[in-house]
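pasting the structure only:
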């Protein structure tokens, strides 16, 4: 908008906007996380009739219960407990029951007595590998099939792509997962049984062992991206700038792959940012289906054990991941579309 | 609705105007938008077929006891354990294909040896009733919140908008499984047994609380654009109360997106409810539940893949049919949109 500044200062101002944008977004994200953590803490520690009882177990004499309550600091007012918990994240804390808990301290698990933060860090690579690989499959496969469908609009290939996207979107991870595992792993032995091999130990093993979980997790999403890419491409191809490019004598292929493609990607990236949260949810079910020991599996086990500190830790880390990834997506968005103003 | 009354007054004010060819033709019958939609829908073969499939599922859910009675089995008896010769020492059905036979049409559940067919039929009840309840509740809350937020605007809009943003940005699946025990812990002590109805209620509550934001956001946007339209302005200028504007001017124009959103949401809730069962935090034994069938299926698929196929294929058919139905309803309401 307005008059154009000289190129050099233009670039500088871009950096400036980027920095101030990042600062503002990160501050906003911290604010949201603070609210989320306060609400979650309140829900977990105030709503249940007695969280100490959950720690104490089924048979719990009153004096033990009293001791547990005191050792966990639950005889203090709730906001004091929350303050201790919050301070523990940044400064670490001393816990009567478990001893010293260094800096990013999210407390200790009621069920396994391990530090919550350590347990999450241990399992983080699994969930990250799973969601990262699945994102690649979703974007690559969804966009390619969508482009093919748009290239061949109305032809049989387009119709096949549309029909399979309806079925793909209706599939359930916990059904397709075991089914594919049965045929590809048990019967045909094409790929190894899904498990997590650290990428630093064996990159090839990491890839082959996670291939099936990636495919299964991405099936339900890919269909959606096929459909979106197709309709976006069709829409872009009807735009004025495409007509101009064609009028200038550019080939169909150039128009398709150099111009329309870029315009179609913008809404796709936006939707992808929204889908990240759902993807993480899908990762929980995928981990459970293939018994991968990721954060989702940790959460499910914590629920079954009624393990409050672990639940709180997983919720906050999950929320933090989503908030952070959304900022990354917003930045990417600005790179794809120069018209986007970072505000 | 704004438009039918205005055409009616036009017709009443100018009965003698025969210059208009449409008014003079006796073949022209007035059709309400609803009737037009119904006509378009009936012509859509995919839509009608999927509507029949969806109706069949609802009928099966309603008539589950009748079906089970005619079939002569129930979903609770452990037939495989009571009658020797049905399950092998490892707990798997002796007969091929998961123990399918004339007695047990869809075979037996590995381990407990319950009848798969009745489990499936009763499981539809659990899934569908939860999905319907949650869809109705989220739609009502979403509509109220969306219209309030969009119509009142200002600070109310800001607060509701932030709540919606926060709810939509977070991994709802994670929050779903994490908050379920919290809702329950509020009502029962850890050493008490959780009653089945309570689990049912808490699933509905958690799904509703985490689910209303989608429809609220959509309706907010719709209301914002409608509010600026002339007919709403006209109503306000002539002194219509906010309630009248909302119920007589806005709501009639919002039925289409509301119905479309509801049809999109219902299969998602069927999936979410089954997902909870699958993760082991959904409906508890002995209530038949599709999600728990998947949970068993995942553990036994190496030896008995048939068991997994029945709930899997039933659910696929239901969700595909419902999604196609949703698409057809959308087309019927708004023939301009292309898929």
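Received the coordinates, thanks. What you are looking at is a predicted structure, and each value in this text was computed from that prediction instead of being measured.

rest of the way, CA atoms for contacts and neighbours
Fine.

where does the stretch 151-300 of chain B have low pLDDT?
B:169, B:188-193 (pLDDT under 70).

which helix or which strand is home to residue 179?
Went with chain A since none was named. Here residue A:179 sits within helix A:173-180, counting by DSSP states H and E.

that's the other chain; I wanted chain B
Assigned by DSSP H and E, residue B:179 belongs to helix B:172-185.

mind listing what's buried along the helix or strand that that helix is followed by?
Sequence-wise, the next helix or strand downstream of helix B:172-185 (DSSP H and E) is helix B:196-211. Using 16 or more other Cα atoms under 10 Å in any protein chain shown as the test for burial, helix B:196-211 gives B:199-200, B:202-208, B:210-211.

looking at this, residue A:94 is in a helix?
No - Residue A:94: not assigned to a helix; according to DSSP: H, G, I helix; E, B strand; the rest coil it is strand.

please report the distance of it from chain B.
Separation of residue A:94 from chain B (Cα to the nearest Cα, to the nearest Å): 26 Å.

mind checking if stretch A:281-293 is in reach of chain B?
Yes - contact of stretch A:281-293 with chain B (Cα under 8 Å from any Cα of the partner chain) involves A:281-282, A:284-285, A:288-289.

which residues are in contact with the helix holding residue B:179?
Applying Cα atoms under 8 Å, 6 or more residues apart in numbering or on different chains, the contact partners of helix B:172-185 are A:43-44, A:47-49, A:277-278, A:281-282, A:284, A:296, A:299-300, A:303, A:306, A:311, A:315, A:318, B:194, B:198-199, B:202-203, B:206-207, B:210, B:276, B:281.

which parts of the stretch 51-200 of chain A are helices?
For the stretch 51-200 of chain A, applying DSSP state H, counting those that start in this stretch gives helices covering A:51-56, A:62-71, A:78-91, A:116-151, A:156-170, A:173-180.

by contact count, what packs against the second one?
Yep, that's helix A:62-71 we're talking about. In terms of contacts (3 or more Cα pairs under 8 Å, 6 or more residues apart in numbering or on different chains; DSSP states H and E), helix A:62-71 is packed against helix A:51-56.

tell me the contacts of whatever residue of the stretch 1-150 of chain B ends up closest to chain A?
Closest approach between the stretch 1-150 of chain B and chain A, counting by Cα to the nearest Cα: residue B:46, at 12.3 Å. Neighbouring residues of residue B:46 by Cα under 8 Å, 6+ apart: B:324-325, B:328.

can you narrow the residues you listed to ones near chain A?
Filtering the contacts of residue B:46 for proximity to chain A by Cα under 8 Å from any Cα leaves residue B:324.

which of the contacts of residue B:46 ranks first by neighbour count?
Counting neighbours by other Cα atoms under 10 Å in any protein chain shown, residue B:325 comes out on top of the contacts of residue B:46 with 26 neighbours.

near chain A, which residues of the stretch 151-300 of chain B show up?
So far as Cα under 8 Å from any Cα goes, the stretch 151-300 of chain B lies against chain A at B:166, B:168-175, B:177-178, B:181-191, B:271, B:275, B:278-281, B:294, B:298.

among the residues you listed, name the buried ones.
B:166, B:168-175, B:177-178, B:181-186, B:188-190, B:271, B:275, B:278-281, B:294, B:298.

quick revisit: which residues touch the helix holding residue A:179?
A:212-213, A:216-217, A:220, A:282, A:285-286, A:289-290, B:275, B:278, B:294, B:298, B:301, B:305, B:308-309, B:312.

all good on my end, thank you.
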